[in-house]
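Undergrad: heads up, no residue letters with this:
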Ligand SMILES: NC(=O)C1=CN([C@@H]2O[C@H](COP(=O)(O)OP(=O)(O)OC[C@H]3O[C@@H](n4cnc5c(N)ncnc54)[C@H](O)[C@@H]3O)[C@@H](O)[C@H]2O)C=CC1
Ligand SMILES: O=C(O)C(=O)COP(=O)(O)O
């Protein structure tokens, strides 16, 4: 079975890592990244930029050291071992909502299953410290994703390790419902022998409609085919080819529910699937239909199901999930004689729980280290190869943006940022979402208390009324190198350094990656070439002998080490810009002396 393979390969490797944690850090703990579709390291994508305002995910908010992970529901031991090798782990089960809110501000990551409601109040109570929520399973309907995104908190799930378990449980419910296994078992244990009462129905030749033809749904279809059933499926987003390959016809919702003898639900709970099964839809079903729900209770209007069971439209139902979990003790649905129930056991096999625990532990550790998780639910999914290729440009985009925003004269209010990418690559071959996020980070963080990362960049930009316009210049040449240069323009703002204005009146800077590190290559209309490291002084002067020496001596006399210097001029004897990289921040006195130097017309000190 295709789905079993990654899991089989994962378990021995991860178990070895768990027994022999790498003392140097968790880098050896994530071998699976190479096996499945994982995403490469990208420190600044999540937080780890060198600026003090950023909060590296590895450091606890209490001041460095190991991060702290709160686990609120039972997790497989191999996953816990992985977490413990990397972080302080607090396993506190069955917390009340109030207890969870009290604890969450003390942790960097939270690991939950379906039983913990991670609400907006939880994110608010975290007061910015919580960086990652790991959902050890598939459904993330118990996590307020919008609130997580606004808080810049990454949500990751473990989408593959429990697929087979959920599919097997659906098939178990299908067969036991058809043969009244649970009811007959209870009857016999109560001392009865009711062979006539528990006559069942056969599965062979019956039509099963799979609603939601994703990972679990397609595995259910595969298995039910083996039982001799005819399978149809409805899923507005499923590829026809995948269905055809398993011998399943994709049909409309109405056709699926009106022709099926059995209906198995496998879609997520979302606003559009909530109570999708209601009086109206039950009325369209074949009389005597049987329903299995291993997805989410909320996709069914439970009152309507009860009515459909009572009037015989639905002959039987098998339910693993409920709108409210656990359901009320006196729930008429749970007590109904034609309903078979299990307490949300779909993912509960030993194998699935170990797999899920490892899958989520790896995702949480990766996220805390600053990797982009493959299973991020509220961040753009950028493949590993793309990330590793773009990583120097990610640094460049952020540095250029940090620099350009410092050139704005106070009170101008940045509203529009134009980012121009020059590349030999076709636009379809260059994914710039991560670069755009870093531009937002670079623009917003120096001028506000906001913390921006890949998770919340677009949200923060929108909230602040900041428009990021991306443009492309297609260059001739080989597409091996993803980008030649990045320009960042700020339009409709005044600059405190006139030399940074382009002919169009925008503040404009351009950078390139040289030998893997970011360089500033253009300021306004002046070509320069300085490494974007440390701090930078930009001076505009009339090009004439001696100016460089004078400024250099002022810095030298003040013990400020010059790391780079580059001069760009329009023409000999005309305007020039001197870009000086300095390791230390010069004293005010030194800056004043630079300003007083004859021929220096303006200057600005910038922190990168
Ligand atoms: N009972 C349990 O313990 C478990 C429950 N689940 C639940 O099963 C569900 C499916 O899980 P996976 O297959 O892993 O997810 P998946 O994301 O692979 O598949 C879900 C499918 O539902 C489809 N879908 C979305 N809206 C739909 C609609 N209106 N009508 C029909 N199809 C629609 C999607 O296109 C997707 O193909 C989730 O709700 C998950 O939480 C999963 C594992 C264990
Ligand atoms: O993975 C899912 O969506 C599940 O429903 C499993 O939930 P659980 O982790 O067993 O609480």
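TA: Nice, thanks for sending it over. Being a predicted model, the structure only gives us computed values, none of them experimental. Numbering: from 1, shown residues only. Ligands and ions are numbered 1, 2, ... in the order given.

Undergrad: Tell me the residues of the stretch 201-350 of the chain that contact ligand 2?
TA: Of all the residues in the stretch 201-350 of the chain, those in contact range of ligand 2 (CB under 6 Å from any ligand atom) are 344, 346-348. For glycine as for every other residue, the C-beta is placed from the backbone atoms N, C-alpha and C.

Undergrad: Tell me how many other residues crowd the closest residue to ligand 1 within the stretch 301-450 of the chain.
TA: Proximity of the stretch 301-450 of the chain to ligand 1 (CB to the nearest ligand atom) peaks at residue 346, 2.5 Å away. Around residue 346 there are 27 other residues, counting by other CB atoms under 10 Å.

Undergrad: Does residue 340 fall in a helix, a strand, or a coil region?
TA: Following DSSP: H, G, I helix; E, B strand; the rest coil, we place residue 340 in the strand state.

Undergrad: re earlier: was I right to think the residue of the stretch 301-450 of the chain closest to ligand 1 contacts residue 162?
TA: Yes - applying CB atoms under 8 Å as the test, residue 346 and residue 162 come out as touching, 7.3 Å apart.

Undergrad: on that earlier part again, quick one: which of the residues of the stretch 201-350 of the chain next to ligand 2 is nearest ligand 2?
TA: residue 347 (3.6 Å).

Undergrad: Is the closest one in contact with residue 166, as I believe?
TA: Yes - applying CB under 8 Å as the test, residue 347 and residue 166 come out as touching, 5.9 Å apart.

Undergrad: if I look at those two, which residues touch both of them?
TA: Residues touching both residue 347 and residue 166 (CB atoms under 8 Å, 6 or more residues apart in numbering): residue 138.

Undergrad: so where do the helices sit in the stretch 251-400 of the chain?
TA: All helices of the stretch 251-400 of the chain, identified by DSSP state H, counting those that start in this stretch, fall at 253-259, 279-283, 302-310, 332-335, 350-369, 384-405.

Undergrad: packing partners for the fourth one?
TA: I take that to be helix 332-335. Applying 3 or more CB pairs under 8 Å, 6 or more residues apart in numbering; DSSP states H and E, we find helix 332-335 packed against helix 302-310, strand 314-319.

Undergrad: Please identify the buried residues of the first one?
TA: Which is helix 302-310. 302, 304-306, 308-309 (16 or more other CB atoms under 10 Å).

Undergrad: Taking the stretch 51-200 of the chain, what residue is nearest to ligand 2?
TA: Closest residue of the stretch 51-200 of the chain to ligand 2, CB to the nearest ligand atom: residue 137 (2.6 Å).

Undergrad: That residue belongs to a strand?
TA: No - Residue 137: not assigned to a strand; according to three-state DSSP it is coil.

Undergrad: distance of it from residue 143?
TA: Distance from residue 137 to residue 143, counting by CB to CB, to the nearest Å: 11 Å.

Undergrad: Ok, residue 369 next?
TA: Applying CB to CB, the value for residue 369 to residue 143 is 21 Å.

Undergrad: what does residue 548 give?
TA: Here the criterion is CB to CB. By it, residue 548 lies 57 Å from residue 143.

Undergrad: Over to residue 167?
TA: Distance, residue 167 to residue 143, using CB to CB: 23 Å.

Undergrad: go on, residue 160?
TA: From residue 160 across to residue 143, the span is 18 Å (CB to CB).

Undergrad: Give me the more crowded residue out of those two.
TA: The residue with more neighbours, out of residue 160 and residue 143, is residue 143; 25 against 18, by other CB under 10 Å.

Undergrad: List the contacts of the more buried one.
TA: Applying CB under 8 Å, 6+ apart, we find residue 143 in contact with 112, 118, 133, 135, 155, 377.

Undergrad: before we move on, what about residue 83?
TA: By CB under 8 Å, 6+ apart, the contact set of residue 83 is 69, 71, 89, 111, 361, 364-365.

Undergrad: how does it look with 10 Å?
TA: 18, 26, 29, 67, 69, 71, 75, 89, 91, 109, 111, 134, 357, 360-362, 364-365, 368 (CB atoms under 10 Å, 6 or more residues apart in numbering).

Undergrad: Before I go, just wanted to say thanks for your time.
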